[in-house]
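S.K.: I would like the atomic coordinates for the input below:
(one chain, ligands or ions: 1)
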Amino acid sequence: MAIVLGPNQYGKAENRLVTVSRNGSVHTIKDLTVSTSLRGDLADTHLTGDNAKVLATDTQKNTVYAFAKEAPVGEIEDFALRLGRHFVSSQEAITGARVLIDEHGWERIDGHDHSFVRGSDEKRTTAVTIDGEQAWVVSGVRDLVVLKSTGSEFHGYPKDQYTTLKETNDRILATSVTARWRYVGTDVDWAKSFTEIRSIMLKTFADKHSLSLQQTLYAMGEAVLNTRPEVAEVRLSMPNKHHFLVDLSPFGLENDNEVFYAADRPYGLIEGSVLRDDAPDAGQAWSTLPTF
Ligand SMILES: O=c1[nH]c(=O)c2[nH]c(=O)[nH]c2[nH]1
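M.R.: Residues are numbered from 1 along each chain as shown. Okay, the predicted model is just below:
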């Protein structure tokens, strides 16, 4: 039996980067969490501790901050592509890079020049993978919390000796959407694409009369693919944030779908991928990302 080194990567995780762009007195901020990982000819450090090919994670961190000064950060996809390509082109032993960026949203306070309020926990995300000359971009959104107070049913499921769930023709449907979409290429108007994908997903969640969260998930992915030719595949992870009707009968009160208990856990977890059957090969786009 021989023991060998398997796949590996290393980098600096969760660099917190905030930039202020000053246009006269009007400031614009970008608030990012940037993680870099490098891959390549890295057997020596693992097997003997020879670090001659190891670009220190501290250097990777510094590169993130220096790049943010040397040119405008721009869209997270462009920043990630720049960083990833830099690591691969500047270090002989490094043949691949993965750059993950989460963008945290701030809204301007009432038209104020330099004061902002954190809107919600929602994050815009990207995962860029570089392998030699090739690049793949998977962008998305996390913690996009949505709820509809009607237009959702759930019935027709199997009943066995353990089933207690009551069928319903009218329930609250709520979820916190994690969506990732794989782009066909890298020549994309990233900001426009993000805004329109987010908007079509929200519209579909709202408009689609739901017979299951699974059906809603598929409809959301399908709507993105029907409207956005730059996208090859959408992966969605949607926890079913259950809202249970409270039994008010002990108090002599009827509950006509008005009073709910918002349960924290456990939650149903509905996950799936929707893709074009002629989508180009995913290559390394998803490598080491969660399946959904
Ligand atoms: O939309 C739903 N899908 C399920 O699979 C499920 N299971 C469950 O208990 N409630 C629901 N709701």
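
S.K.: Residues of this protein that sit close to the ligand?
M.R.: Applying CB under 6 Å from any ligand atom, we find that the chain lies next to the ligand at 154, 165, 212-214, 240, 268. C-beta: built from backbone N, CA, C; applies to glycine.

S.K.: Please flag which of these sit within helices.
M.R.: 213-214 (DSSP state H).

S.K.: Restricting the selection to alpha carbons, write the biggest helix by length in the chain to CSV.
M.R.: In the chain, taking DSSP H as the definition, the longest helix is helix 190-207. Output of helix 190-207 as CSV, limited to C-alpha atoms (Å, rounded to 0.1, in the frame of the first residue of the first chain):
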residue,chain,number,x,y,z
TRP,A,190,-21.9,41.2,-14.5
ALA,A,191,-23.9,43.9,-12.8
LYS,A,192,-26.8,43.9,-15.3
SER,A,193,-26.9,40.1,-15.3
PHE,A,194,-27.0,39.9,-11.5
THR,A,195,-29.8,42.5,-11.2
GLU,A,196,-31.9,40.8,-13.9
ILE,A,197,-31.4,37.3,-12.6
ARG,A,198,-32.3,38.3,-9.0
SER,A,199,-35.3,40.1,-10.4
ILE,A,200,-36.6,37.2,-12.5
MET,A,201,-36.2,34.8,-9.5
LEU,A,202,-38.2,37.1,-7.2
LYS,A,203,-40.9,37.6,-9.9
THR,A,204,-41.2,33.9,-10.4
PHE,A,205,-41.3,33.2,-6.7
ALA,A,206,-44.1,35.8,-6.4
ASP,A,207,-46.1,34.9,-9.5
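
S.K.: Touching, residue 105 and residue 120? I think so.
M.R.: Yes: with contact defined as CB atoms under 8 Å, residue 105 reaches residue 120; the gap is 7.0 Å.

S.K.: So for the two, which residue has more residues nearby?
M.R.: residue 105 (14 against 11; other CB atoms under 10 Å).

S.K.: Helix or strand: which one has that one?
M.R.: Per DSSP states H and E, residue 105 falls inside strand 94-108.

S.K.: For the longest helix of the chain, which residues meet the burial criterion?
M.R.: Residues 190, 193-194, 197-198, 200-201, 204-205 are the ones in helix 190-207 that count as buried (16 or more other CB atoms under 10 Å).

S.K.: Next: stretch 233-250.
M.R.: Under the neighbour-count criterion of 16+ other CB under 10 Å, stretch 233-250 has 233-243, 245 buried.

S.K.: wait, isn't residue 127 in contact with residue 289?
M.R.: Yes: using CB under 8 Å, residue 127 makes contact with residue 289 at a distance of 5.6 Å.

S.K.: joint contacts of these two?
M.R.: 138, 180 (CB atoms under 8 Å, 6 or more residues apart in numbering).

S.K.: about what we covered before: what subset of the residues of the chain next to the ligand is buried?
M.R.: 154, 212-213, 240.

S.K.: With pLDDT as added columns, please give the residues you listed in CSV.
M.R.: Below are these laid out as CSV (pLDDT from 0 to 100):
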residue, pLDDT
154, 98
212, 98
213, 98
240, 98
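
S.K.: What lies in contact with stretch 271-281?
M.R.: So stretch 271-281 is in contact with 182, 184, 214, 217-218, 221-222, 224-225, 232-238, 291-292, going by CB under 8 Å, 6+ apart.

S.K.: and residue 33, what does it touch?
M.R.: 14-17, 101-102, 104.

S.K.: Pop the domain breakdown of the chain in here.
M.R.: Following automatic domain parsing, one finds the domains of the chain at 8-132, 140-292.

S.K.: what about the last one, distance to the chain center?
M.R.: Which is domain 140-292. Centre-to-centre, domain 140-292 and its host chain are 14 Å apart (CA atoms, centre = their mean, to the nearest Å).

S.K.: Name the SS class of the residue nearest to residue 204 when sequence neighbours are not counted, please.
M.R.: Distance criterion CB to CB, 6 or more residues apart in numbering; nearest residue to residue 204, sequence neighbours excluded, is residue 223 at 4.3 Å. Here residue 223 is recorded as helix under DSSP: H, G, I helix; E, B strand; the rest coil.

S.K.: Which pair of the residues of the chain next to the ligand spans the longest distance?
M.R.: 165 and 214 (15.3 Å; CB to CB).

S.K.: For residue 110, grab phi and psi.
M.R.: In terms of degrees, to the nearest 10, the main-chain angles of residue 110 are phi 40, psi 50.
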